[in-house]
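Trainee: sequence and predicted structure are below.
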Amino acid sequence: MKETDPVGCTLTVCRDCCCGSRKKHPAVDHDWQLQRLEAELAPAGHRVRTSLCLDVCDQSNVMIVHPAPEARRRGARPVWFGLVLDDAIADDIADWVGAGGPGVAPMPATLELSVIRVPGRG
Ligand code: FES
């Protein structure tokens with residue numbers, strides 16, 4: 001394990017043609033959304049990164065919570081979220097990651113409503 005490897009979860013935040021687009025979602029402050037997720041999660045050992053289009057643009061903004069390495073080894077898998085367009089959903093994702101995320105902490109029922117199933121992934 002390298003020193004730069006995350007000990008916690010990794011949050012992938014899609015930012016490309018639709019996710020993060022002010023043209024598509026003008027009411028969302030996408031930069032602030034990303035900054036606050038980084039500010040909340042990085043100090044606790046979680047990694048926040050951006051990605052190019054994840055090919056589910058009809059669900060933008062899309063985020064994926066990847067389990068912490070130890071949870072992954074126990075069988076936890078990434079969880080995809082769609083329509084992350086308001087602070088409440090982003091807060092719920094951040095809180096769940098902060099609690100340990102997939103394979104560690106139970107997902108709040110309200111957050112389950114934002115889970116998306118991506119054929120062949122996640
Ligand atoms: S830009 Fe995020 S899924 Fe396409």
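Mentor: Arrived safely. Residues are numbered from 1 along each chain as shown.
Trainee: can you tell me how far Ser60 is from Gly100?
Mentor: Distance from Ser60 to Gly100, counting by C-beta to C-beta, to the nearest Å: 27 Å. All C-beta spots, glycine's among them, are computed from the backbone N, C-alpha and C.
Trainee: the two - which one has more neighbours?
Mentor: Neighbour count, other C-beta atoms under 10 Å: between Ser60 and Gly100, Ser60 has more, with 23 against 18.
Trainee: near the ligand, which residues of the protein show up?
Mentor: Residues of the chain lying near the ligand by C-beta under 6 Å from any ligand atom: 14, 16-19, 53-57, 60, 62.
Trainee: just the buried residues of these.
Mentor: The neighbour-count test (16 or more other C-beta atoms under 10 Å) marks 14, 16, 18-19, 54, 56-57, 60, 62 as buried among the residues of the chain next to the ligand.
Trainee: out of those residues, which sit inside strands?
Mentor: Among those, the members falling in strands are Cys14 (criterion: DSSP state E).
Trainee: can you put the buried ones among the residues of the chain next to the ligand in TSV and add distance to Leu111 and pLDDT?
Mentor: Formatted as TSV, the entries for these read as follows, by distance: C-beta to C-beta, whole Å; pLDDT from 0 to 100:
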residue	distance to Leu111	pLDDT
Cys14	17	97
Asp16	23	96
Cys18	22	97
Cys19	18	97
Leu54	19	96
Val56	18	95
Cys57	21	96
Ser60	18	97
Val62	14	97
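Trainee: identify the residues contacting Gln59.
Mentor: Going by C-beta atoms under 8 Å, 6 or more residues apart in numbering, Gln59 touches 82-83, 116.
Trainee: pLDDT score for it?
Mentor: The predicted local confidence for Gln59 comes out at a pLDDT of 96.
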